[in-house]
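Engineer: Predicted structure and sequence below. I'll ask about it afterward.
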Amino acid sequence: MKLAMELILMVFILALTFTEAALPTTKHKPMKVRCKNKYFPCYNQELYCPASCPRSCSVDCNNCKAVCGPVPQLPPPPKYQKQMKVVCNDKRYRACYNKPLFCPVTCPSTCTVNCASCQPVCSAASRPKRVRCLNKKYPGCYYREFTCPAACPQTCQVDSATCSPVCNCNKPGAVCEDPRFIGADGITFYFHGKKDQDFCLLTDSNLHINAHLIGKRDNNMGRDFTWVQSLGILFDNHKLYIGANNNTTTWNDALDHLTLSYDNQSINLPETDGATWKSTAGAGAGGGASAGEVTITRSKSTNAVEIIAEGMFMIKAVVVPISERDSLVHRYGITPQEDCFAHLDLRFKFYSLSGEVNGVLGQTYATNYVSRVKMGVANPVVGGEKEFHSSSVFATDCGASRFHGNRNDSVYDEGMDFSDLNCVSRTSGRGLVCKR
């Protein structure tokens, strides 16, 4: 009886199995999917999910296929930029004059023509520098990277307080362009001087800085357009020279146009970002750098350095040309094929000045300084050519000279310290808010 029951149960199970197998399987209709990336040819085209995943697939826009599982999102391809047409305007190059050329794809809208080679070349402005905030006191901004603004594509730094890139030429201690100065009080003024002559920028008991000016005569205005070509710096018993090569006709930012020397010995820095040179001065107390020890570091591979004399000053210097656009805007009457007037854009920071400091820029750091700038004037000019004129780039014979070269620490202790002055500009350099 028991065996009969087991046989009946087995037959029932087999019959049930065959019945289920004979029933038709319910098939899911494949789902329609679309490519949502408008930068690909199959954008918005209907595709059907594969049979293996009829209701859960995604679109591979790159291959225009529906696939099982998620597909990583691809970034859109770069937008096409129309290449600007440029021409050579120098009639001396007859084979190239007025010949239409197109900017390279790497700088489709920011190039100039090298008439000598009859080739379009990218200008320095087409490759803006990227800078980081390195001030750990601002954790929300620390190590964030920024692109330099169009106004100073190679010479900016990060203002940690506002967490934004700012132009070095818009901060106190700046000497840039046709020389535009920003004094310690944050007020902008101009000092033109005369081309091919030297003027004292700063003079103190143990620091003297002269600038050699180059320029071009403007007959309509009755004065010279001038730019700082080089600096002669005297401190302790040392001489430091920094200059832009004055035989630069056609500008190429990939070539180094910077000349440096220390105590009449040339300094050759490797053309790599961060390359460093140090003077052979001995170490100070505690094994640190001695006062006046000089460190020169490249801010980029060519044409930009930061110079630090320990406990005395910091200088950021960049060699820049007069571009065709600069000449057009300011009416310099200069063509890049004639002479690019390579010059220095500078920013100074001083750590141990006395209250008796003088000079075109130095006077603004003096204890009893009262600004002579006419407020409200668009481009205020400060005079003093006779008072600040020097006979050579290393001469200390200007009428305002304070330099004697023997360091007197008691004098510096009584002087003003501007190292903790914090300034922020929101008005393109014509006014700053400064506070300690």
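Structural biologist: Done, it's in. Numbering: from 1, shown residues only.

Engineer: And for Asn89, the neighbour number?
Structural biologist: Using other Cβ atoms under 10 Å, Asn89 has 15 neighbouring residues. Placement of C-beta: from N, CA and C, glycine included.

Engineer: That one is in contact with Thr335, isn't it?
Structural biologist: Yes: assessed by Cβ atoms under 8 Å, Asn89 is found in contact with Thr335 at 6.8 Å.

Engineer: which residues do those two both contact?
Structural biologist: Common contact partners of Asn89 and Thr335 (Cβ atoms under 8 Å, 6 or more residues apart in numbering): none.

Engineer: before we move on, which element is the nearest residue to Tyr365 once chain neighbours are set aside in?
Structural biologist: Nearest residue to Tyr365, sequence neighbours excluded (Cβ to Cβ, 6 or more residues apart in numbering): Ala184, at 4.6 Å. Using DSSP states H and E, Ala184 falls within no helix or strand.

Engineer: roughly how far apart are Ala184 and Ala174?
Structural biologist: 11 Å (Cβ to Cβ, to the nearest Å).

Engineer: Identify the contacts common to those two.
Structural biologist: Common neighbours of Ala184 and Ala174 (criterion: Cβ under 8 Å, 6+ apart): none identified.

Engineer: can you dump the C-alpha coordinates of stretch 183-192 into CSV?
Structural biologist: Extracted in CSV, the C-alpha atoms of stretch 183-192 (Å, rounded to 0.1, in the frame of the first residue of the first chain):
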residue,chain,number,x,y,z
GLY,A,183,52.9,103.2,-2.7
ALA,A,184,52.8,101.7,0.8
ASP,A,185,49.6,103.8,1.4
GLY,A,186,47.8,102.0,-1.5
ILE,A,187,47.7,105.1,-3.7
THR,A,188,48.5,104.7,-7.4
PHE,A,189,50.8,107.3,-9.2
TYR,A,190,53.0,107.5,-12.2
PHE,A,191,56.6,108.6,-12.6
HIS,A,192,57.9,108.9,-16.1
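
Engineer: from the middle of its chain, how far away would it be?
Structural biologist: Stretch 183-192 has its average C-alpha position 22 Å from the chain's average C-alpha position, going by Cα atoms, centre = their mean, to the nearest Å.

Engineer: Then stretch 166-183?
Structural biologist: Mean C-alpha position of stretch 166-183 versus that of the full chain (Cα atoms, centre = their mean) differs by 14 Å.

Engineer: swap in stretch 349-367?
Structural biologist: The chain centre lies 27 Å from the centre of stretch 349-367; the measure is Cα atoms, centre = their mean.

Engineer: buried set for it?
Structural biologist: 350-354, 356-366 (16 or more other Cβ atoms under 10 Å).

Engineer: ok, those vs Gly383, which is closest?
Structural biologist: Gly383 lies nearest to Val360 out of those, by Cβ to Cβ, at 10.0 Å.

Engineer: was I right about the closest one contacting Phe191?
Structural biologist: Yes: here Val360 reaches Phe191: they are 5.0 Å apart, a contact under Cβ under 8 Å.

Engineer: what ranges do the helices span in this protein?
Structural biologist: 2-22, 324-330, 385-388, 409-414 (DSSP state H).

Engineer: per-stretch mean pLDDT over the ones you listed, give me the minimum one.
Structural biologist: Per-stretch mean pLDDT for these is lowest at helix 409-414 (a mean of 40).

Engineer: Could you list the low-confidence segments of the stretch 101-250 of the chain?
Structural biologist: When residues are selected by pLDDT under 70, those of the stretch 101-250 of the chain lie in 105-106, 123-127, 154-155, 221.

Engineer: ok, now with 50
Structural biologist: Scanning the stretch 101-250 of the chain for pLDDT under 50 picks out 125.

Engineer: ok so, going back, may I have the phi/psi pair for the residue nearest to Tyr365?
Structural biologist: With angles defined as degrees, to the nearest 10, Ala184 sits at phi -60, psi -20.

Engineer: which residues does the nearest residue to Gln363 once chain neighbours are set aside contact?
Structural biologist: Spatial nearest neighbour of Gln363, chain neighbours left out: Tyr369 (5.7 Å); criterion: Cβ to Cβ, 6+ apart. Applying Cβ under 8 Å, 6+ apart, we find Tyr369 in contact with 184-185, 363.

Engineer: quick one, strands of the stretch 251-400 of the chain?
Structural biologist: In the stretch 251-400 of the chain, the strands defined using DSSP state E, counting those that start in this stretch lie at 258-262, 265-266, 276-278, 294-298, 304-309, 313-320, 343-350, 389-390.

Engineer: Isn't Val33 up against Ser56?
Structural biologist: No: with contact defined as Cβ under 8 Å, Val33 does not reach Ser56; the gap is 10.1 Å.

Engineer: So the two - more neighbours on which side?
Structural biologist: Val33 (16 against 11).

Engineer: The more buried one and Ala309, how far apart?
Structural biologist: Per Cβ to Cβ, Val33 is found 67 Å from Ala309.

Engineer: and what of Phe191?
Structural biologist: In terms of Cβ to Cβ, Phe191 sits 24 Å off from Ala309.

Engineer: Could you chop this structure up by domain?
Structural biologist: According to automatic domain parsing, the chain comprises the domains 29-73, 85-122, 128-170, 171-278+291-424.

Engineer: how about a markdown table for those domains, with distance to Phe12 added?
Structural biologist: Conversion of these to a markdown table gives the following (distance: least, Cβ to Cβ, whole Å):
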| stretch | distance to Phe12 |
| --- | --- |
| domain 29-73 | 35 |
| domain 85-122 | 78 |
| domain 128-170 | 75 |
| domain 171-278+291-424 | 85 |
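
Engineer: Next one: Ile8 from Leu14, what distance?
Structural biologist: 11 Å.

Engineer: Just give me the neighbour total for Asp326.
Structural biologist: Per other Cβ under 10 Å, the neighbour tally for Asp326 reads 17.

Engineer: What of Tyr93?
Structural biologist: Residues near Tyr93, counting by other Cβ under 10 Å: 17.
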